[in-house]
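> everything below, folded, please.
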Amino acid sequence: MAIIPVGIAFNWMKFAQLGDIGLYFRLLRLIRLAGLVGMLKDILHTHGILYVIYFSIAFLMLGSVAISITEHVSLDQAFWWAITTASTVGYGDISRHTISPQSLLGKLVILAMILIGVGVMGIVTSSLTAYLMRRNEGKVSIKDKDAELTLILDKLDRLEQQNKLLAEQNQNLQKQIQELKDTHTPSEWNKFKDWIEKKKR
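All right, here's what the predicted structure looks like:
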């Protein structure tokens with residue numbers, strides 16, 4: 001996290017305040033159409049990461065207030081310090097205004113911020129990994145189902161062909177029987193049927 005160019009991001013935010021608002025709405029619409037919103041919702045609802053983020057924001061606010069009171073610094077400076085501490089697992093390494101807490105409460109807040117930073121980053125990483133694995137498993141299961149469906153359809157085609165062959169053979173037998181009936185006298189036909197019955201026995 002310490003390698004993230006936070007200064008560039010904040011400069012971009014200052015520039016964004018002066019830019020065309022309509023452009024940003026169009027960008028948000030493009031992100032929504034690209035399906036990133038749904039993907040983000042799935043990631044945030046994986047392993048309760050959304051509640052972890054809510055808790056982290058609340059603790060950052062409380063920690064900022066505590067540091068502002070105990071170390072006698074402005075609230076915005078304390079909030080920036082809290083974000084820096086939680087995101088870089090250390091305090092003041094990318095901030096121009098380094099705060100070195102002297103009170104016990106300030107040191108406890110620092111410790112809590114570091115632990116929260118480590119925990120949140122671990123949860124975010126594991127949740128993202130779990131989401132990607134679940135998505136890949138879904139793709140594999142769909143491929144397996146497609147393969148099973150193709151196999152079933154092939155079997156149905158073969159059964160249909162066999163049924164057609166059996167139907168044709170049945171028709172041929174019926175024709176042959178009818179021809180035998182037409183070419184032989186009733187007495188001969190009865191003898192033939194008796195012969196068939198004997199064979200069956």
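> please enumerate the strands of the chain.
Counting by DSSP state E, the chain has no strands to list.
> and the average pLDDT for the lengthiest helix in the chain is what?
If each helix of the chain is counted by residues according to DSSP state H, the longest one is helix 104-183. For helix 104-183, mean pLDDT rounds to 76.
> packing partners of it?
helix 36-44, helix 49-70, helix 75-88, helix 186-200 (3 or more C-beta pairs under 8 Å, 6 or more residues apart in numbering; DSSP states H and E). Any C-beta I mention is one placed from the backbone N, CA and C, and that applies to glycine too.
> touching the longest one from outside, list them.
Here helix 49-70 makes contact (C-beta atoms under 8 Å, 6 or more residues apart in numbering) with 43-44, 73-75, 77-79, 81-83, 86, 99, 101, 103, 105-106, 109, 112-113, 116, 119-120, 123-124, 127.
> can I get the buried part of those residues as one PyMOL selection?
Those of the contacts of helix 49-70 that count as buried under 16 or more other C-beta atoms under 10 Å are selected in PyMOL with:
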select buried, resi 43+44+73+77+78+79+81+82+83+86+99+101+106+109+112+113+116+120+123+124+127
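> could you list the domains of this protein?
Structural domains annotated on the chain: 6-139, 153-200, as defined by automatic domain parsing.
> and the residue nearest to residue 83 when sequence neighbours are not counted, how close does it get to residue 171?
Leaving aside its chain neighbours, residue 83 sits nearest to residue 60 (6.5 Å; criterion: C-beta to C-beta, 6 or more residues apart in numbering). Distance of residue 60 to residue 171, computed by C-beta to C-beta, to the nearest Å: 84 Å.
> cool, residue 85 as well?
88 Å.
> quick one, which of these two is more surrounded?
residue 85 (26 against 10; other C-beta atoms under 10 Å).
> measure that one to residue 62 for me?
13 Å.
> ok, back up a step: what is the neighbour count of the residue nearest to residue 83?
Close neighbours of residue 60, defined as other C-beta under 10 Å, add up to 19.
> what's around residue 61, how many residues?
Neighbours of residue 61 using other C-beta under 10 Å come to 13.
> next one: it from residue 49, what distance?
19 Å.
> next one: residue 109
For residue 109 relative to residue 49 (C-beta to C-beta), the value is 23 Å.
> likewise for residue 151?
Distance from residue 151 to residue 49, by C-beta to C-beta: 40 Å.
> next one: residue 153
With C-beta to C-beta as the criterion, residue 153 and residue 49 are 42 Å apart.
> more neighbours: the two, which one.
The neighbour count for residue 153 versus residue 49, taken as other C-beta under 10 Å, is higher for residue 49 (19 against 10).
> and the pLDDT for the more buried one?
On the pLDDT scale, residue 49 is placed at 71.
> next: residue 64.
Here, the pLDDT recorded for residue 64 equals 84.
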